[in-house]
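S.K.: from the sequence below, what's the structure:
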Amino acid sequence: MSDRDAAFAEYFAARSEAMRGTAYLLCGDWHRAEDLVQATFAKLYVAWRRINRHEALDAYTRRTLVRTFVSDLRRGWFRKERVSETTTDVADVSRGSAEDRLVLLAALAQVPPRQRAVLVLRYWEDLSIDETARALGCSEGTVKSQAARGLQTLRGLITPQQGEKVR
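M.R.: Sure, this is the predicted structure:
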């Protein structure tokens, strides 16, 4: 194994699970998330020799992941596949109740994909507005408006509707 391959394998081992979590939040399906991460790391491997700034590798990988996700949207993959009401995959829950997490994940899956991408990058990945804009290839204003709309949509999906009984 060459030094290049060893460095790539080490990076993959260290970061693939975190990228899989981000991909899941983007697409709402663990199997599709694995496909997105696999495609992302395949693209990263091809570009590995040309990457000079390894300190910016996470940002580059995240941007590639988001672009792969958006590219799949454009090709219509999400029109063919539907997220079901029941899940067979369960994420590792470290904070909050499992029920709250499932409610949030189900609601996030209903947020439009572009807004969902902004929400995941801003609030899950904790990127700045500028970093999110660069990752998505859009303006900072677009990030702000998509975040505001996404949060409004998410709140509407999570907040009990008038007349519903709150536990």
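S.K.: distance check, residue 58 against residue 126.
M.R.: 12 Å (C-beta to C-beta, to the nearest Å). In short, each C-beta sits where N, CA and C put it, glycine included.
S.K.: and these two? Which one has more around it.
M.R.: Neighbour count, other C-beta atoms under 10 Å: between residue 58 and residue 126, residue 58 has more, with 15 against 8.
S.K.: can you give me the helices for this structure?
M.R.: For the chain, the helices defined by DSSP state H cover 3-27, 30-47, 57-75, 77-80, 98-110, 113-119, 129-136, 140-158.
S.K.: so where's this structure uncertain?
M.R.: 76-96, 160-167 (pLDDT under 70).
S.K.: before we move on, the earlier item: most tightly surrounded among the helices of the chain?
M.R.: helix 113-119 (a mean of 22; mean count of other C-beta atoms under 10 Å).
S.K.: now do it: distance to the chain's middle.
M.R.: Here the centre of helix 113-119 is set off from its chain's centre by 8 Å, with C-alpha atoms, centre = their mean, to the nearest Å.
S.K.: which residues are contacting it?
M.R.: 25-26, 66, 69-70, 73, 78, 108-109, 111, 132, 136, 143, 146-147, 149-151, 153-154 (C-beta atoms under 8 Å, 6 or more residues apart in numbering).
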